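Trainee: sharing a model prediction with you, sequence too.
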Amino acid sequence: MKSVTFSEIVRIQQKPGFLRQVQTWRQSLPWALTLLAGLPLLVAVLHLIDPDTPLTYIVLPALVGAVLPVCMLGPGRFEMRTRFDAHYMLNTLDEALGGLGYRRSIGDNASIRYFRPRPWLRGQEGAITVAVQPHALEVVGPVGSLRLLQHRIAC
């Protein structure tokens with residue numbers, strides 16, 4: 001992919017992660033269940049390993065680490081630019097998104113939509129939209145998925 005350049009991933013909403021609304025409860029349900037079950041277990045195990053450590057030194061970093069995945073749910077965008085026609089990059093994009101578990105839905109020549117079939121996500125939640133321009137593909141979707149996509153295509 002020597003003839004392709006990537007722009008940086010830019011968040012669409014510029015609000016801090018803790019002020020941004022999670023799009024639906026279906027997106028946050030697996031995270032909340034993992035947090036409710038895993039956080040007390042993690043704190044208990046770390047406290048058993050070293051009982052002399054104050055609990056605030058264990059609980060606060062665990063809470064901060066639990067909030068970080070919420071920041072990855074937010075929407076972002078990046079562009080893939082090329083010297084050639086952007087339609088030639090669509091096969092590479094299809095393979096990379098297929099490797100990440102996305103499926104292509106019906107689209108026209110100007111816009112393509114990919115979704116990830118998960119029971120807790122509806123069709124629009126977590127979807128990636130690709131706008132096809134003459135020498136660029138504009139990719140919009142969750143920031144975490146966009147980072148994985150960039151890494152997969154660049155390798």
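Mentor: On my side now, so go ahead.

Trainee: which helix runs longest in the protein?
Mentor: Of all the segments assigned as helix in the chain under DSSP state H, the longest by residue count is helix 25-49.

Trainee: tell me the average confidence for that one?
Mentor: Per-region confidence: helix 25-49 scores 81 on mean pLDDT.

Trainee: which neighbouring elements make contact with that helix?
Mentor: helix 55-72 (3 or more C-beta pairs under 8 Å, 6 or more residues apart in numbering; DSSP states H and E). Bear in mind the C-beta positions are built from the backbone N, C-alpha and C, glycine included.

Trainee: what are the buried residues along the helix it packs on?
Mentor: Residues 58-59, 62, 66, 70 are the ones in helix 55-72 that count as buried (16 or more other C-beta atoms under 10 Å).

Trainee: columns distance to Leu148 and pLDDT on top of the residues you listed, output as JSON lines?
Mentor: Conversion of the buried residues of helix 55-72 to JSON lines gives the following (distance: C-beta to C-beta, whole Å; pLDDT from 0 to 100):
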{"residue": "Ile58", "distance to Leu148": "30", "pLDDT": "85"}
{"residue": "Val59", "distance to Leu148": "30", "pLDDT": "85"}
{"residue": "Ala62", "distance to Leu148": "25", "pLDDT": "83"}
{"residue": "Ala66", "distance to Leu148": "21", "pLDDT": "77"}
{"residue": "Val70", "distance to Leu148": "17", "pLDDT": "67"}
